[in-house]
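Peer 1: Got a predicted model here, sequence first, then my questions.
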Amino acid sequence: MRRKIYYSFLLVFIIAVSSFTLIKYKTIYAFKVESIDGGMINFSKFKGKKILIVNTASECQFTYQYAELQNLYSLYQDKLVIVGFPCNQFGNQEAASNEDINTFCKTRYGVTFPLATKVEVKGENAAPVYKWLCNKAENGVMDVAIKWNFNKFLINEKGKLIAHFASNVRADSDEIMKYIK
């Protein structure tokens, strides 16, 4: 009888630990964010594709990367989704409204990839998706400290974080393209 109770307890313990691990290291597919055009971006709709997540700003020395990101999206949208997250935490370089950001991106750079509403990407008020991206305790892969606009996070086809690229790494760089091609 004791052995049966012991094994029952052990089974419950293993299931509990497994469930905790699944919750702790969830995939990007667990997230939904508000789209800049009023809809929702549901990451679970991107299953089977790589996802490149970028914190963006309209008045940054790296703003030209919008053109590179759009080109990458146009070329590889059958296997890659790019999601931009406007952010005003670095040098007050994204002070515009969501509507103005959306207009700027579409008219100046022809952006057709999804854009989220303006968010914080670091600190206590960071958007939940960015808390997941930047904390190994949540993503199971790496800790990242975002220091400026246009940091890029690459997610594989199974929703797992696989790489981070700093602001100065261009979207069409060999560093990123080796994962895309």
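Peer 2: Arrived safely.

Peer 1: centre of the chain versus stretch 73-83, how much separation?
Peer 2: 14 Å (C-alpha atoms, centre = their mean, to the nearest Å).

Peer 1: I'd like the average pLDDT over that stretch.
Peer 2: In this model, stretch 73-83 has a mean pLDDT of 98.

Peer 1: Am I right that I176 sits in a helix?
Peer 2: Yes: with DSSP: H, G, I helix; E, B strand; the rest coil as the criterion, I176 is part of a helix.

Peer 1: distance of the nearest residue to it once chain neighbours are set aside from K106?
Peer 2: Of all residues beyond its chain neighbours, the one nearest I176 is F165 (6.2 Å), with distances taken as C-beta to C-beta, 6 or more residues apart in numbering. Bear in mind the C-beta positions are built from the backbone N, C-alpha and C, glycine included. Using C-beta to C-beta, to the nearest Å, one obtains 24 Å as the distance from F165 to K106.

Peer 1: okay, the two: which has more neighbours?
Peer 2: F165 (19 against 14; other C-beta atoms under 10 Å).

Peer 1: Helices of this structure, residue ranges please.
Peer 2: Under the criterion DSSP state H, helices of the chain are mapped to 2-24, 65-76, 98-109, 128-134, 136-139, 174-180.

Peer 1: Tell me which helix or strand in the chain has the weakest average pLDDT.
Peer 2: One helix or strand of the chain scores below all others by mean pLDDT, DSSP states H and E: helix 2-24, with a mean of 50.

Peer 1: ok, now which ones touch the residue positioned nearest the centre of the chain?
Peer 2: Centroid-nearest residue in the chain, with C-alpha atoms, centre = their mean: I53, separated by 3.8 Å. Neighbouring residues of I53 by C-beta atoms under 8 Å, 6 or more residues apart in numbering: I82, V83, F85, V129, L133, K152, F153, I155.

Peer 1: Also N92?
Peer 2: Contacts of N92 by C-beta under 8 Å, 6+ apart: none found.

Peer 1: show me where pLDDT drops low in the chain?
Peer 2: 1-25 (pLDDT under 70).

Peer 1: Please report how far I101 lies from Y29.
Peer 2: For I101, the distance to Y29 equals 26 Å [C-beta to C-beta].

Peer 1: ugh, wrong one, V83
Peer 2: Distance from V83 to Y29, by C-beta to C-beta: 13 Å.

Peer 1: And for V111?
Peer 2: Computed as C-beta to C-beta, the V111 to Y29 distance reads 23 Å.

Peer 1: Neighbour count: those two, which is higher?
Peer 2: Set V111 next to Y29 and count neighbours by other C-beta under 10 Å: V111 wins out with 22 against 17.

Peer 1: What sits closest to that one if chain neighbours are left out?
Peer 2: V111 sits nearest to C105 (C-beta to C-beta, 6+ apart), 3.9 Å away.
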